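S.K.: The following comprises the amino acid sequence and a computationally predicted model.
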Amino acid sequence: MSNRYILRVIDSSDYPYLIQWRNDPRIRNYMYTQHVITAEEHQSWINKITTNDSYHPLILEYNNEPLGFVNIHQIAQGGIADWGFYTSPVAPKGTGSKLGEQALNYAFNTLKLHKICGQALDFNFASRKFHKRLGFKEEGTLEQHHFDGQKYHDVICFGLLANAYYLITNNEK
Ligand SMILES: CC(C)(COP(=O)(O)OP(=O)(O)OC[C@H]1O[C@@H](n2cnc3c(N)ncnc32)[C@H](O)[C@@H]1OP(=O)(O)O)[C@@H](O)C(=O)NCCC(=O)NCCS
């Protein structure tokens, strides 16, 4: 059976369900901004990420069903990028790993980036495990770096270099 997961560039058909995913407590509780996003905020974010070449917003599909979103954002020259991602609130377990694998393949083999950086709030154990499972190095902790309105949280920083990725996947550069 062929691999029916595909990663494709976002288009306007994705915008309505993305705001629903993003506002689901299972997702927004792990974001830096945890309030319910308005339609205007969503549209202005969509405008930003679809009109600037430094953003690469992508959708993971399985059998034509959207299951995940990832945004790779080049933040510095030399191919250094951040990423942010979430799976559909009803996606089956294992979807995150598929999203991560496909996004890293795109980042390193298509975009030819040098480094991907991720940040996870300290209580986001799924994301911390996800980064480590994909081969990211835990680079450090930004102590009490996020205030959620009531409490400070540490932010855990992860990084994956292209060379390390090629070693993990046995790909040629
Ligand atoms: C982070 C996220 C993408 C992971 O997706 P997922 O489908 O749960 O990922 P997987 O099922 O492939 O699991 C990845 C690893 O995390 C582990 N994991 C999943 N949920 C977990 C949890 N609640 N606590 C601890 N580990 C967890 C899995 O067991 C797996 O590890 P393993 O391979 O050793 O078994 C998803 O949970 C999500 O969208 N979370 C909300 C948004 C978010 O946190 N985005 C990232 C912000 S930094």
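M.R.: Nice, I can see it. Residues are numbered from 1 along each chain as shown.
S.K.: which bits of the protein sit near the ligand?
M.R.: By the rule C-beta under 6 Å from any ligand atom, the part of the chain lying against the ligand is 27, 30, 85-87, 91, 93-97, 118, 120, 124-127, 129-130, 133. Every C-beta, even on glycine, is put in place using the N, C-alpha and C of the backbone.
S.K.: Can you flag the buried ones in the residues you listed?
M.R.: Buried subset of the residues of the chain next to the ligand (neighbour count, 16 or more other C-beta atoms under 10 Å): 27, 85-87, 91, 95-96, 118, 120, 124, 127, 130.
S.K.: Narrow those residues to those in helices?
M.R.: If you go by DSSP state H, these have 27, 95-96, 127, 130 in helices.
S.K.: Of the residues you listed, which is the nearest to residue 156?
M.R.: Ranked by distance to residue 156 (C-beta to C-beta), these are led by residue 127 at 8.5 Å.
S.K.: which non-adjacent residue is nearest the closest one?
M.R.: residue 120 (4.0 Å; C-beta to C-beta, 6 or more residues apart in numbering).
S.K.: partners of the one you found in the sheet?
M.R.: For residue 120, the beta-bridge assignment (DSSP bridges) gives partners residue 156.
S.K.: OK, contacts around it?
M.R.: With contact set as C-beta atoms under 8 Å, 6 or more residues apart in numbering, residue 120 has these partners: 30, 127-128, 131, 155-156, 158.
S.K.: change it to 7 Å
M.R.: By C-beta atoms under 7 Å, 6 or more residues apart in numbering, residue 120 lies in contact with 127-128, 131, 156.
S.K.: could those residues go into TSV alongside distance to residue 147 and pLDDT?
M.R.: Converted to TSV, the contacts of residue 120 look like this (distance: C-beta to C-beta, whole Å; pLDDT from 0 to 100):
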residue	distance to residue 147	pLDDT
127	19	97
128	20	98
131	23	98
156	16	98
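S.K.: Let's see if you can find the most crowded of those residues.
M.R.: In terms of neighbour count, residue 131 stands highest of these at 25 neighbours, by other C-beta atoms under 10 Å.
S.K.: Surely that residue touches residue 158?
M.R.: Yes: if you go by C-beta atoms under 7 Å, residue 131 and residue 158 touch, sitting 4.2 Å apart.
S.K.: shaky segments in this structure?
M.R.: Judged by pLDDT under 70, the chain has its weakly predicted residues at 1-3, 171-173.
S.K.: can you map out the strands along it?
M.R.: All strands of the chain, identified by DSSP state E, fall at 5-9, 55-62, 65-76, 80-87, 115-121, 137-147, 152-161.
S.K.: Of the ones you listed, which stretch is the most buried?
M.R.: Comparing those by mean neighbour count (mean count of other C-beta atoms under 10 Å), strand 115-121 ranks first with a mean of 21.
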